[in-house]
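In: the amino acid sequence is not available; the structure is as follows:
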């Protein structure tokens, strides 16, 4: 193998999934940059590398150095040192100070920072605050380098070194040597297989109890990411056996011990009429049991609101609002004024918003202690616009407290309300519903409003559906589409799809629903880009960023969200100075989405924002979410993904003036009726379906959405 050295001048491409990177290396004494390719997931612009590999003459791209192994070294040239310091690797040093420091200290620069950092105070502009930031950043980088070296011995991507160090600090190496499976449990983004490689290299055997216990929890966590709160033991053992490559009875023999440690629960559950042994992660079992107990408490308590003459109240409200309610709407309002807990469900155009307004109008004659909430910021904002009253996200309503690592609002410190109305209730997962119910006062009324035919929550569970099917909570189902809504083809097609009928794909001039047929993946990609960048903005005045959202069923493939994001980013928001971190390329003004709940930042899975600023000196990215600035350290950027195109599931609870939705046969694994129904109902003014009629037909026919195993239904049926 050959060896080359130099510093990374720029990164041309980096694959987020496998770390495959194309970079340009400046070798000492060479005028031209060298193209290096290989799995270099951790490298940053400005870093110096010693690479071992082979030369290859690519027919399309010319000579390339294919890297087999590499190590990060300290830069040896003045240019390399300056590039390294300017890269943002050390907080407090950017282009300006990198140039000034290197001008002063030349090739001794890194020795000065490491051994005599007080000399940095001689540089104009470096005061005590910046000095403290630089020295702290340098010390952290040294510690991270040690962790990185340790991780690389065990084939763990150095990308995670900073995350590991932030989690465990100076104890990082000791923690990992003691129990490497903590990586999968504690570090978001590191899976069991990565931790398992480390464990095996540390001499932990395949059949060790530590390994099997970690595998059990990992499989259950993985299943919860697919929406399951529990899983049949026999099917679970098959999955665990496949992962761990040990006998099923070896896994089964550990379940009792793990349950004794209160990490899991095993119990019988009736599935399709058959009593079946199931296994839960403890948290989900506690939450499901808790939801049942809290609903029993609420239903059993008396209301603090005086009773009203419902018929007279309805007539009065109709006169006040100058409306006439349909019979089902009157029933929904009446039950909401009479029952302690009531569910209202229905599709678009069935009058859920009107019902909410009437409930509020009447209830305001009884109390001012009324709260409105929704699972997402956008849903809460829309609720405020419809009602004219303040609506909060459920998370902010419950007030997360880091001192207790939980919500401040609970049974001991309940919400101060007589009535709580929650919109988009289909999005509420098991854990959030339990925490919400704990905070509702026993004397309050609770109204849950949502569309049970939409996709279930992103988090584990199918709470709204389980509550309705249990028949233990009074429920009103709205089915009638009102005249004004019936004029919208978005709404009529959504209801046709929900009923299993093929939608009307004819393109009416001036309509709000269009279909454009194109089955060739490359041509379809070009069509989507053209629609977002040019045709729709010109025809309707839509803003390509704020008013148009591409929703694709899958992330992978040519017509997947990842590829569409890369192409749309290059077209709509190109940059000659991108920030490449963890396989992702970020540009200022990019449209991005948060992909995990972050209580510290008060941003949640599915929130969409825009990058306002990328600060390479402070190593942070500023993102605007609904006008609020949120700061991300460079090590936290795996929480963000580009959002020019997103999955339908992630966009649930949000709306956009215009939705462009590709459907092709390549998406066959995700072509479900409730998926296409949910996607179409995200468009407020215009929906453009593009792709294959055959794919549309497949989605409409397929009502066998992936079954979620949950225990809530059985808990509810056990309520008296």
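Out: Arrived safely. Since we're looking at a predicted model, the values are computed, not measured. Numbering: from 1, shown residues only.
In: and the closest residue to residue 474 other than its chain neighbours, how many neighbours?
Out: Distance criterion Cβ to Cβ, 6 or more residues apart in numbering; nearest residue to residue 474, sequence neighbours excluded, is residue 339 at 4.7 Å. Where you see a C-beta, it was placed from the backbone N, CA and C, and this is true even at glycine. The tally of other residues near residue 339 (other Cβ atoms under 10 Å) stands at 18.
In: again with residue 334
Out: 18.
In: and the pLDDT at the residue nearest to residue 474?
Out: The score at residue 339 is 94. That number is its pLDDT.
In: distance of it from residue 419?
Out: Counting by Cβ to Cβ, to the nearest Å, the gap from residue 339 to residue 419 is 12 Å.
In: common neighbours of these two, please.
Out: Common neighbours of residue 339 and residue 419 (criterion: Cβ atoms under 8 Å, 6 or more residues apart in numbering): residue 445.
In: centroid-nearest residue for this protein?
Out: For the chain, the residue nearest the mean C-alpha position is residue 595 (2.2 Å; Cα atoms, centre = their mean).
In: who's in contact with that one?
Out: So residue 595 contacts 605-606, 639-641, 650 (Cβ under 8 Å, 6+ apart).
In: in strands only, show me these.
Out: When DSSP state E defines the strands, the subset of these inside them is 640-641.
In: and the residue nearest to residue 106 when sequence neighbours are not counted, how many neighbours?
Out: Using Cβ to Cβ, 6+ apart and skipping residues adjacent in sequence, the residue nearest residue 106 is residue 78, 5.9 Å away. Residue 78 has 14 neighbours, counted by other Cβ under 10 Å.
In: right, and residue 78 touches residue 107 too?
Out: Yes. Assessed by Cβ atoms under 8 Å, residue 78 is found in contact with residue 107 at 6.0 Å.
In: for stretch 427-446, buried residues please.
Out: For stretch 427-446, the neighbour count (16 or more other Cβ atoms under 10 Å) marks 427-442, 444-446 as buried.
In: any chance of the contacts of residue 595 in JSON lines, plus neighbour count, distance to residue 542 and pLDDT?
Out: Rendered in JSON lines, the data for those read as follows (neighbours: other Cβ atoms under 10 Å; distance: Cβ to Cβ, whole Å; pLDDT from 0 to 100):
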{"residue": "605", "neighbour count": "18", "distance to residue 542": "26", "pLDDT": "86"}
{"residue": "606", "neighbour count": "26", "distance to residue 542": "21", "pLDDT": "87"}
{"residue": "639", "neighbour count": "20", "distance to residue 542": "28", "pLDDT": "90"}
{"residue": "640", "neighbour count": "24", "distance to residue 542": "24", "pLDDT": "93"}
{"residue": "641", "neighbour count": "19", "distance to residue 542": "23", "pLDDT": "92"}
{"residue": "650", "neighbour count": "21", "distance to residue 542": "21", "pLDDT": "88"}
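In: now flag whichever of the contacts of residue 595 is closest to residue 319.
Out: Among the contacts of residue 595, residue 606 lies closest to residue 319 (Cβ to Cβ), at 39.9 Å.
In: quick check: phi and psi on the closest one?
Out: phi 100, psi -10 (degrees, to the nearest 10).
In: scan this structure for its longest helix.
Out: In the chain, with assignment by DSSP state H, the single longest helix is helix 128-153.
In: just checking, what packs against that one?
Out: When contacts are defined as 3 or more Cβ pairs under 8 Å, 6 or more residues apart in numbering; DSSP states H and E, helix 128-153 sits against strand 62-73, helix 109-115, helix 161-168, helix 172-178.
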